[in-house]
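1. how would this look folded up:
(chains A and B)
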Protein chains: 2
Amino acid sequence: MGTYIKDITDREVDFAKWYTDIVKKADLVDYSNVKGSMIIRPYAYAIWENIVSILDKEFKRLGHENVQMPMFIPESLLNIEKEHVEGFAPEVAWVTYGGNEKLEERMCVRPTSETLFCDHFKKIIKSYRDLPVLYNQWCTIVRWEKTTRPFLRSREILWQEGHTMHATAEEAKNETLRMLKVYEDFQRNYLAMPVIVGKKTDKEKFAGAEETYTIEAMMWDGVALQNGTSHYFGTHFAKAFGIEFLDKDNKLKTPYQTSWGSTTRMIGGLIMTHGDDRGLVLPPKIAPTKVMIIPIGKVDTELEQVKETLANAGITYKVDLADKTPGYKFAEAEIKGYPIRIELGRRDLDNGFTTIVRRDTLEKIQVHDLKEIANIINETMDKMQHEMYERAEVRRNSMIYTAKSYDEFKDIAMNKSGFIKINWCGDVACENKIKEDTGMKSRCIIKENTSDVCCVCGKTSKYEIYFGRQY
Amino acid sequence: MGTYIKDITDREVDFAKWYTDIVKKADLVDYSNVKGSMIIRPYAYAIWENIVSILDKEFKRLGHENVQMPMFIPESLLNIEKEHVEGFAPEVAWVTYGGNEKLEERMCVRPTSETLFCDHFKKIIKSYRDLPVLYNQWCTIVRWEKTTRPFLRSREILWQEGHTMHATAEEAKNETLRMLKVYEDFQRNYLAMPVIVGKKTDKEKFAGAEETYTIEAMMWDGVALQNGTSHYFGTHFAKAFGIEFLDKDNKLKTPYQTSWGSTTRMIGGLIMTHGDDRGLVLPPKIAPTKVMIIPIGKVDTELEQVKETLANAGITYKVDLADKTPGYKFAEAEIKGYPIRIELGRRDLDNGFTTIVRRDTLEKIQVHDLKEIANIINETMDKMQHEMYERAEVRRNSMIYTAKSYDEFKDIAMNKSGFIKINWCGDVACENKIKEDTGMKSRCIIKENTSDVCCVCGKTSKYEIYFGRQY
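-> The predicted structure is shown next:
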């Protein structure tokens, strides 16, 4: 495998170290001089651009419009909704000087933009004719985290935040769930990541929200990654900001609100769901470059033919012409996780074939007619996309446990990685007890039920809920 | 014209007021609670998305890769290049607290990212094989301006900044001019804006640059808008940051650097170049919505036919179905500057035609066969795009003056709007004198010459240069 590969720590040995190795060696990130902020390098940014492009198209298809809010929030504006400011105040960055002058009122760099949107909504919403307002913005937010990890938890985050206002609670609730479904489908269909969909407990919900829904992915090591959230606000913010509209019945009413967001964290999820000991493995549908061509020997004519065939089929590719050994180039292509590598070798060609290699399984496929190479690659990538999802789901399911008693819960929590499904009374005391005893947090409620008993206290249970450790 | 239109101040009466009227009434911007920051509303953001999409494609075609740098710059990092920090320090926003803790070192919100890129370049550039590095980022920057105007001068700006490193000075200089040409072509071909291309004087160049090139547009009122700049840095930053590479000859060398940027200011340029007393006029190639269809009477069948025809031809459109009079809708479509409006009226249809109206000239064109409407609209938009450029150029040229003596210069400066072309000795004293006497700043040097005399001091002139007032 060569020394290059050896530099990646084995997943089984130290998953955290493996992760940072991948992030560095696949040229995804460079650490910056600014603690907790990362430099997103071209390869990772190209993945992000693909994510943005697919999600943005879907948002627009559903009628959302993009806008851009200021990045600064005056302290007084942040203070308007109490739960919200209490949730965010400990982790915001404060601007106190503009040039050489001290500001009369300090401003935070937005940790999220509900307050800014509400301030704007108050001005543009007058009548039922103005509703629904379906807005989204792509921007950067800042959360002053103590401990940071590239993509997973950083002080600066690239994300999108949708903010919508509706005439009725029902419509806003539908929007909350509709956008959650967009995230779920995107993760499944593009990132090849299975997710558990559910509702956060009151303890874990977003600061200021009435209900927070989440998609919870499980990483290779059994740890949860909250990979997208959708919030129903009811009229909390609208009332605090005095937003009203004249309804069809000529009465002034308060509109109902949602917000929903997803971030560059999804790139972290991709790495930790699909990566292996050789490097990154990218699902074909999200990979910026689908194919790496590695010419071996004198293959100029065939190289031109392959390039033209791929270009005509709309398959993105790169050619590795560096002055390095084929083995080294194979290893590099594996680290970067290009879905397909073409080993375009003189000797193989003389023997009547060319080899393509699937990144996920490392399966080698012989192509006997170069004219067919694009078709075979497309078929292989479709299969790969599908199988990557299946594999992730099988692994995820093998790490989901059900605990009927609290002893059983603690036993699983101590000895296994993964999620634990339990019945729960809904009392925050039981939720806190689990956290204190095992370090596990509630992931999401997936079902309301009353026919069982709480795994912790033994009283009547209200919910079926997942617990797990989290990134 | 109806009361709606009357709310726009006449251009001739008060151009500044006219501008802010357009910005508000075309729903481009909302003023935010954050002084000097604006909310970019969906219609303006869609224009920006078009600008981004076209420029980004061109950057990528030329080999540039997108990255994302942190938004914060630690003070010590900003301080590394002296001229640079002196240029920017008075207008940066300082973050001093993270959560409740005072930062050990304050950080500014990036006013531009040369220092961040250099810090990164130092780590990734080792050998001539790593060069050139051709990077770009789309992001937000902050400049703590005292006086602000939407799009033209604001505290927060959406922009792109290209940052490149090259093995030789020649290559870097070529890159500087190549990207300047990209801006020039984009302004001409998409924004229908003629620009003067040249070099900034030492007084007006970018803080830390060796040479700054600019594209200078002239607005309807004769005032200049610097609408894109491209900088050659030589090795100033590279030396300050200790960036070196091992060249082919096995010697350590310092690479040569460029940066170039364009911003949401271009939207301001569009407004002030093409807008008229009825509202915004958007060049077809940059308009997010090409056609507004206004149905009059019972025209359901024909409306479906037109929508399908436009959709099949890839022409973006909207339909105004609001409960308002046709006249009101015409006025609204004019304020928004949609290139084409279709008046789809029952009476006209019964008489065998449909009317389309060009926004720039308000020319009405009868379409006698609805099947032809997409073709006619495409032809009309091509013509419109071309003629909008021509008209802007004619107007611009009519406001360019040449002054041979300083008395003549002052006379023109006092009595006319526009640019004044002069010969100049190159001495900053003469440049300053013009500024003090007339308020005009140098726009750009367009030619080096020695065969004439300086318009101000009468000594031998070095340059042919434009002066003008600026936004």
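2. going forward, measure contacts between C-alpha atoms and count neighbours the same way
-> OK.
3. all strands of the stretch 151-300 of chain A, in order?
-> A:156-166, A:195-199, A:211-218, A:224-234, A:245-246, A:252-253, A:256-263, A:291-296 (DSSP state E, counting those that start in this stretch).
4. near chain B, which residues of chain A?
-> Counting by Cα under 8 Å from any Cα of the partner chain, the residues of chain A lying close to chain B are A:30, A:32-34, A:37-42, A:45-46, A:65-74, A:89-100, A:119-120, A:144, A:156.
5. switch to 7 Å and redo it
-> Taking Cα under 7 Å from any Cα of the partner chain, the part of chain A that reaches chain B is made up of A:34, A:37-42, A:45, A:65-70, A:72-74, A:89-100, A:144.
6. which of those residues fall in helices?
-> Secondary structure from DSSP state H places A:42, A:45 of the residues of chain A next to chain B in helices.
7. buried ones among the residues of chain A next to chain B?
-> Buried by 16 or more other Cα atoms under 10 Å in any protein chain shown: A:34, A:37-42, A:45, A:65-70, A:72-74, A:89, A:91-99, A:144, out of the residues of chain A next to chain B.
8. next step: those restricted to strands.
-> Judged by DSSP state E, those include A:38-40, A:65-66, A:72-74, A:93-98 as members of strands.
9. so what's the closest residue to residue A:177 other than its chain neighbours bridging to?
-> Residue nearest to residue A:177 in three dimensions, not counting chain neighbours: residue A:230, with 7.3 Å by Cα to Cα, 6 or more residues apart in numbering or on different chains. Here residue A:230 sits in beta bridges with residue A:213, residue A:260, going by DSSP bridges.
10. kindly report the same for residue A:358.
-> Beta bridges link residue A:358 to residue A:340 when assigned by DSSP bridges.
11. re earlier: mind putting the strands of the stretch 151-300 of chain A into TSV with mean pLDDT?
-> Formatted as TSV, these follow (pLDDT from 0 to 100):
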stretch	mean pLDDT
strand A:156-166	97
strand A:195-199	98
strand A:211-218	98
strand A:224-234	97
strand A:245-246	98
strand A:252-253	98
strand A:256-263	98
strand A:291-296	98
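12. between these, which one is closest to residue B:263.
-> For residue B:263, the closest of the strands of the stretch 151-300 of chain A is strand A:156-166, at 19.6 Å, according to Cα to Cα.
13. need the contact list for the nearest residue to residue A:215 once chain neighbours are set aside.
-> Computed as Cα to Cα, 6+ apart, the closest residue to residue A:215 that is not its neighbour in sequence is residue A:197, at 4.7 Å. Residues in contact with residue A:197 (Cα atoms under 7 Å, 6 or more residues apart in numbering or on different chains) are A:214, A:215, A:216, A:446.
14. so who does the residue positioned nearest the centre of chain A touch?
-> Centroid-nearest residue in chain A: residue A:266, 2.4 Å away (criterion: Cα atoms, centre = their mean). For residue A:266, the contact set (Cα under 7 Å, 6+ apart) comprises residue A:227.
15. possible to save the ones in strands among the buried ones among the residues of chain A next to chain B as TSV with pLDDT?
-> As requested, those are exported to TSV (pLDDT from 0 to 100):
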residue	pLDDT
A:38	94
A:39	97
A:40	98
A:65	98
A:66	98
A:72	96
A:73	96
A:74	95
A:93	96
A:94	97
A:95	97
A:96	97
A:97	96
A:98	94
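16. alpha carbons only: can I get the helix or strand where residue A:118 lies in CSV?
-> Per DSSP states H and E: residue A:118 is located in helix A:114-124. Extracted C-alpha coordinates of helix A:114-124, given in CSV (Å, rounded to 0.1, in the frame of the first residue of the first chain):
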residue,chain,number,x,y,z
GLU,A,114,-34.4,34.7,13.4
THR,A,115,-34.3,38.2,14.9
LEU,A,116,-33.0,39.8,11.8
PHE,A,117,-35.7,38.1,9.6
CYS,A,118,-38.4,39.1,12.1
ASP,A,119,-37.3,42.7,12.1
HIS,A,120,-37.6,42.6,8.3
PHE,A,121,-40.9,40.6,8.3
LYS,A,122,-42.5,43.2,10.4
LYS,A,123,-41.9,45.7,7.6
ILE,A,124,-43.0,43.6,4.6
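17. how big is the angle separating it from strand A:256-263?
-> 140 degrees (axes from the mean of the first three to the mean of the last three Cα atoms, to 10 degrees).
18. residues making contact with helix A:114-124?
-> By Cα under 7 Å, 6+ apart, the list of residues contacting helix A:114-124 reads A:69, A:77, A:78, A:238, A:241, A:242, A:243.
19. hmm, the first one is touching residue B:41, no?
-> Yep, that's residue A:69 we're talking about. No - Residue A:69 is beyond contact range of residue B:41, at 8.6 Å (criterion: Cα atoms under 7 Å).
20. what separates residue A:233 from residue A:164, distance-wise?
-> Using Cα to Cα, to the nearest Å, we find residue A:233 at a distance of 10 Å from residue A:164.
21. same thing with residue A:207?
-> Taken as Cα to Cα, the span from residue A:207 to residue A:164 is 17 Å.
22. so which of those two has more stuff around it?
-> residue A:164 (26 against 19; other Cα atoms under 10 Å in any protein chain shown).
23. which non-adjacent residue is nearest that one?
-> Nearest one to residue A:164, counting by Cα to Cα, 6+ apart, is residue A:134 at 4.6 Å.
24. listing partners with orientation, what would you give for the helix or strand hosting the one you found?
-> Using DSSP H and E, residue A:134 sits in strand A:133-142. Using DSSP bridges, the strands paired with strand A:133-142 in its sheet are strand A:65-66 (parallel), strand A:156-166 (antiparallel).
25. closest to residue B:326 out of those strands?
-> strand A:65-66 (25.8 Å).
26. which outside residues touch that closest one?
-> Contacts of strand A:65-66 (Cα under 7 Å, 6+ apart): A:134, A:135, A:136, A:137, B:42, B:45.
27. show the buried residues in the contacts of helix A:114-124.
-> Counted by 16+ other Cα under 10 Å, the contacts of helix A:114-124 give A:69, A:77, A:78, A:238, A:241, A:243 as buried.
28. list the contacts for the second one?
-> It stands for residue A:77. residue A:115.
29. check which helix or strand covers it.
-> Per DSSP H and E: residue A:77 is located in helix A:75-78.
30. next: residue A:332.
-> In the assignment (DSSP H and E), residue A:332 maps to helix A:326-336.
31. return that helix as CSV; C-alpha atoms alone will do.
-> This file holds the C-alpha atoms of helix A:326-336, laid out as CSV (Å, rounded to 0.1, in the frame of the first residue of the first chain):
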residue,chain,number,x,y,z
PRO,A,326,1.2,4.4,-10.5
GLY,A,327,1.0,2.9,-7.0
TYR,A,328,1.5,6.3,-5.4
LYS,A,329,-1.2,7.8,-7.7
PHE,A,330,-3.6,4.9,-6.9
ALA,A,331,-3.2,5.7,-3.2
GLU,A,332,-3.7,9.4,-3.8
ALA,A,333,-6.9,8.8,-5.7
GLU,A,334,-8.1,6.6,-2.9
ILE,A,335,-7.4,9.2,-0.3
LYS,A,336,-9.4,11.7,-2.2
